[in-house]
Structure formats: structure tokens, C-alpha cells
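> Sequence isn't available, so here's the structure alone:
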């Protein structure tokens, strides 16, 4: 038999065995990440500086120096910095109470404190707007006691200060998570040595605890800054009616008014947002240090008893939760159960029609829910698979290509979702080669943006799972003749599955009600659940928007409770609300 005949008679499995090697899988990952993240962001940069194919710096300067853009950029920076300051103060206090003190009922309090972070920001804004509406009992009470927030008939949250307040409250859990992790690594012996020398608790906090926790504090501040600058839901719900333009709302309004003709200018504005967020990350890294401060000492966890202040502190922190969580949610529920915005809830005004409309009578809402659910589940499956293979290469074959892929996924996750949306429009607007079809206006462009934006979210816990796996297990299977995919399926996947599942849960909770990425990508035929709140509220259906918001919160809460029930089978600390 000739060589050609021998090749022809090979089984298909043997002919395509090369597809199952580590090198081929790595290059397939590189192709996917290149198409989903690297190429769209490169296209965004090129469209921003050279829309006609030739760099035009004069146009760049004219647009960036215009009064409209300067005002929007100034508002973006001011809001992000001020909201970060609020989030840092609240996050540090919450982390200290949970990580270092003997406060009771910590598990329940952390769950309630983290819950606003998992609620879509547009729903948070809607709840607060309805809680502080001019006809609400809170505004009426403040006016009666001589403490009016604003003049009669005005919404106090429709202002820069309202945006700052809500963003600070919404992002405080991000700082809490980062600082809590840093405080848990503090050595007890070092603090006790300071106490023995006679240092007061405040001096110990100022001279020992806070300096050692500085990297974690600045890491949390960086997360809060990026989240505040890129939070579309709160900025749009409060800033557009309050006439407080930011870069994100400027992009949204210009795309709605001018369509695809405005894409070169929107690309430049998106690039400006990206530079602001990346600059914030770099500055935070410089101020916080490149790595955690390491000291020698016992791993025994530090404890600072509250003593006689424990009950007053517990009363204060639970009162804060009631004020910042229960109050707006109760207003949202009240609005959803009435037929008109601003009505008092009683037996005469009580109605379930808004929930019936949301669940049955409005096909657009039902279609948006199933579209979001389908896209989220598909994204979870694809991203979890990609993360498992990426974690393998990042753990044991950290080549230059692998580091580039990791950096690309981290950058796509760090950038505001609206930047990813503009990049996806620019890259997928033209028909795809060979297929001769455009993804713009379909659900597939939303899926591509999800895959780009959320890969790092599932990759981080998966990497933590691979760090617990002995490399010798994979090497022994390789010596026994097992191929790469066989080793992944039979050995590595079962061991890394709990961490990967935890990452999948985070992606599911984030993507199901997401708005930052999809707000510019949705159309009448590809609407998702997150932007539906904006559409209903702008259309004057506030009570229906409240009902949809309550249903979204219910879905988030149910999945958080389900994940908590599975927490024993998941690695410690992968769920943000675990303690």
C-alpha cells in the first residue's frame, strides 16, 4: 500500500488527532480571544484616530476639546472619584467589622450587604427614585420637619450628588471584598505586640492595620473607580433626566440620535473612557504598591472585641442595611402593586396587573427574559469550557502567548461594558468574511460581547481550583499515554469542576440582568432583560418597570440562595457573600 493509500485508509479519529493536542487547543483559544477581544479593541482604537484610514489628530483634538465632551469628561471623573471615596469609607468599615470584630450574625449581614452589588444598577436607581419621589412619605416627612432635600416637586436624586451617592452605596461591596481579604491575612502577633507597648486601638488601626492593608484598600478603590466610571444604569436613570451628562450617557444619546454615522466619534469617546479607567487602575497600583505587604507571624486570625459597644454597633449596621436596602426595595414593591406612580398602597389601590402584564400580557418582556436566559446559559457553557483550558495553560505552561491571552481577557473585563459594546459594533457591523452576514442587530453580537467581557470573571476562580491540583497527576496520565483532552476529561475536569462552577454562577448572576454591555447592542428583535427597565421607564411605564425590577431581584435572590446551599461543595471564598 502506498503512502497516499495508507493516509486515505486512516480512521477519521487518527486523521484529526492533531486537533486534540495541547498546541492546537491553545491556538484555538488564541483565535477565539483574538476575534472576541483583541481584534474588536484594535478596531476601536483605529476607528477612533483614523476613521478615514489615515490618522486625523486635528479631528481628535477638536472633538475632545469641545465644550460638550469636556463637560461630560469632567462629570465622569468627578462622579467616579467622589463615589469611590464613599465606597472606600463604607467598604473599609464593613470589612473591619466582619473580618476583625466579634459582631454577631455576620453571615446574614454580609449577604444583605452584598445583595445590592448583585442587583442590576438600573433596578437600584429605579428603586431609589421611587423611594425619594416628591410624593413619597420620606420627602413629605422631611419637608414637615423643616429639612427639605430640594424644592417642592423635584426629584433630589436627579443630580450629580444623587449619582455619586447611589454609585458609592452600590460599589461599597467591591471595596469590602478586597479589604476583607487583606485583613484576614494580617498576623495577630504584630497587632498584639503593638497593644503590649500601650498603643490605643485607634493608634493600632492607624499605624499597623491600615498600612498593612493598603494594597487591598487601593485594589478595592480601583475596582470601585472603574465600576463607577462605567456604570450605565445609575448614570442613565439619574443623569439623563437630571441633565448631568457623562461620557457614557453622551455615547448612548448620540448613538440613538445619529445611528451608525456617529460611530467614529463614539469610538473616540469610548477610547477616552478606557483611558480614564486604565489610568485609574495604574494610579491605584502605584499608590497601593505592586503586591501585598508580607510580614512574618502566626496565621491565627486577629480579633478586636467590640466590648460594650457591640450592641450599639450592631444596631447601627443593621439600621444602615434597612435604610439602604429595605427602604428602596419596599418603595419598588409598593409601586409595582399600584396602578399609578405615586399612589399610596392600600386595599383600594392594590393590584397585580403589573405582574400579570410582565409575565403574560406583554410578549416583549417575556421574549427579553428568554433571550437573556438563553444568551446567559450559552455564554456560561462556552466561557466555562474556555476557562478550564485557559487555567491549564496559565497554571503549567505560562508562555508569552498565554500571558498575552490572559492580559487580553483581563483588559476586556476591566474596561466599561459600553466600550466593549462600541468595539463589537465596529468589528461586527460589516458582513463576516465567507459567511456574508452581519452580526449587528442579532443576538449573536450580544453573545460575542458577553464572551469578551466575562471570560476573566470565570477564569479567576477556575485558576484558584487548578492551584490546588498536583501537577504529578497530569504527568502520570501523560506518561501512561493519555491524550490532552482525555486527561482534561478524566482527571483535571473533576478536580477543577467546583471552582469552575463557582465562576459559572458568578457569570450567570452578572450576565442575566446585565445592561452595561448590551445597552448599545439591543434592537427591537434582540432585546434583553437588563435594558428593558430603561425602555419601560423612558416610555412612562414606571409601575410596569417596577414589577419587572422586582421580578429581576427575585431571580437574583433565588440564585444567590441556591448558590449558598451549594457552598459546601464549592471552594472557600469563591462566592462573594461567603464568610
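That came in fine, so what should we check first? Source: prediction; values computed, not measured. Numbers count the residues shown, from 1 in each chain.
> Kindly list the main-chain dihedrals of residue 517?
Torsion angles at residue 517 (phi, psi; degrees, to the nearest 10) stand at phi -80, psi -40.
> burial count for it?
By the measure other C-beta atoms under 10 Å, the count of residues near residue 517 is 25. C-betas here are computed from N, CA, C, even on glycine.
> next one: the one 4 residues further on
Applying the criterion other C-beta under 10 Å, we find 28 residues in the vicinity of residue 521.
> Same question for residue 59.
Using other C-beta under 10 Å: residue 59 sits among 17 other residues.
> Residue 311 now?
By other C-beta under 10 Å, 10 other residues sit near residue 311.
> gap between it and residue 389?
Distance from residue 311 to residue 389, counting by C-beta to C-beta, to the nearest Å: 52 Å.
> what does residue 47 give?
Counting by C-beta to C-beta - residue 47 and residue 389 are separated by 31 Å.
> ditto for residue 508
For residue 508, the distance to residue 389 - C-beta to C-beta - is 20 Å.
> Could you do residue 173 as well?
From residue 173 across to residue 389, the span is 31 Å (C-beta to C-beta).
> Looking at those two, which is more packed in?
Using other C-beta under 10 Å, the more surrounded residue of residue 173 and residue 389 is residue 173, with 27 against 19.
> any chance you could map the helices in the stretch 301-450 of the chain?
310-321, 327-336, 353-356, 363-396, 400-414, 417-428, 443-466 (DSSP state H, counting those that start in this stretch).
> Quick one, which of those gets closest to residue 475.
For residue 475, the closest of these is helix 363-396, at 9.4 Å, according to C-beta to C-beta.
> Now stretch 220-232: average pLDDT?
Computed over stretch 220-232, the mean pLDDT rounds to 91.
> Correction: the previous question concerned stretch 476-484.
Averaged over stretch 476-484, pLDDT sits at 81.
> now stretch 284-303
On average, stretch 284-303 scores 59.
> now do the same end-to-end measure for that stretch.
End-to-end span of stretch 284-303 (C-alpha to C-alpha, to the nearest Å): 28 Å.
> Count the neighbours of residue 478 for me.
Residue 478, neighbours per other C-beta under 10 Å, totals 15.
> swap in residue 214?
17.
> Identify the residues contacting residue 305.
101, 102 (C-beta atoms under 8 Å, 6 or more residues apart in numbering).
> what do you get for residue 377?
By C-beta under 8 Å, 6+ apart, the contact set of residue 377 is residue 508.
> Figure out the helix or strand that the residue nearest in space to the middle of the chain lives in.
For the chain, residue 510 is the residue whose C-alpha lies nearest the centre (C-alpha atoms, centre = their mean; 6.3 Å). Secondary structure assigned from DSSP states H and E places residue 510 in helix 493-512.
> from the chain's centre, how far out does that helix sit?
15 Å (C-alpha atoms, centre = their mean, to the nearest Å).
> How about it, which residues are buried there?
Neighbour counts over helix 493-512 (16 or more other C-beta atoms under 10 Å) mark 496-512 as buried.
> do the same with stretch 367-380
367, 368, 369, 371, 372, 373, 375, 376, 378, 379, 380.
> And stretch 54-74, by the same measure?
Neighbour-count burial for stretch 54-74 flags 59, 60, 63, 69, 72, 73 (criterion: 16+ other C-beta under 10 Å).
> who touches that stretch?
Here stretch 54-74 makes contact (C-beta under 8 Å, 6+ apart) with 48-51, 245-247, 249-250, 265, 268-269, 272, 276.
> measure residue 135 to residue 341 for me?
Using C-beta to C-beta, residue 135 is found at 8 Å from residue 341.
> now do residue 514
Per C-beta to C-beta, residue 514 is found 26 Å from residue 341.
> So for these two, which sits in the more crowded spot?
More crowded of residue 514 and residue 341, by other C-beta under 10 Å: residue 514, with 27 against 16.
> Contact partners for the closest residue to the more buried one other than its chain neighbours?
Distance criterion C-beta to C-beta, 6 or more residues apart in numbering; nearest residue to residue 514, sequence neighbours excluded, is residue 530 at 5.0 Å. Taking C-beta under 8 Å, 6+ apart as the contact definition, residue 530 lies against 120, 122, 233, 372, 513, 514, 515, 518, 519.
> who's in contact with the closest residue to the last one other than its chain neighbours?
Pointing back at residue 519 there. Closest residue to residue 519 apart from its sequence neighbours, by C-beta to C-beta, 6+ apart: residue 531 at 5.1 Å. The contact partners of residue 531, by C-beta under 8 Å, 6+ apart, come to 515, 518, 519, 522.
> Which member of these is positioned nearest residue 431?
Closest to residue 431, out of all of those and judged by C-beta to C-beta, is residue 522, at 20.6 Å.
> my read: the closest one touches residue 515, true?
No: the pair residue 522 / residue 515 is not scored as a contact, 9.4 Å apart, by C-beta atoms under 8 Å.
> where in the stretch 401-550 of the chain is pLDDT low?
Within the stretch 401-550 of the chain, the ranges that satisfy pLDDT under 70 run 433-435.
> Just the ones of the contacts of residue 530 in strands?
Among those, DSSP state E puts none in strands.
> Quick check: phi and psi at residue 351.
Torsion angles, degrees, to the nearest 10, at residue 351: phi -150, psi 150.
> can you tell me which residues contact the residue lying closest to it once chain neighbours are set aside?
Nearest-residue entry for residue 351: residue 339, 5.2 Å, with adjacent residues in sequence omitted and distances by C-beta to C-beta, 6+ apart. Shown in contact with residue 339 (C-beta under 8 Å, 6+ apart): 349, 351, 353, 354, 543.
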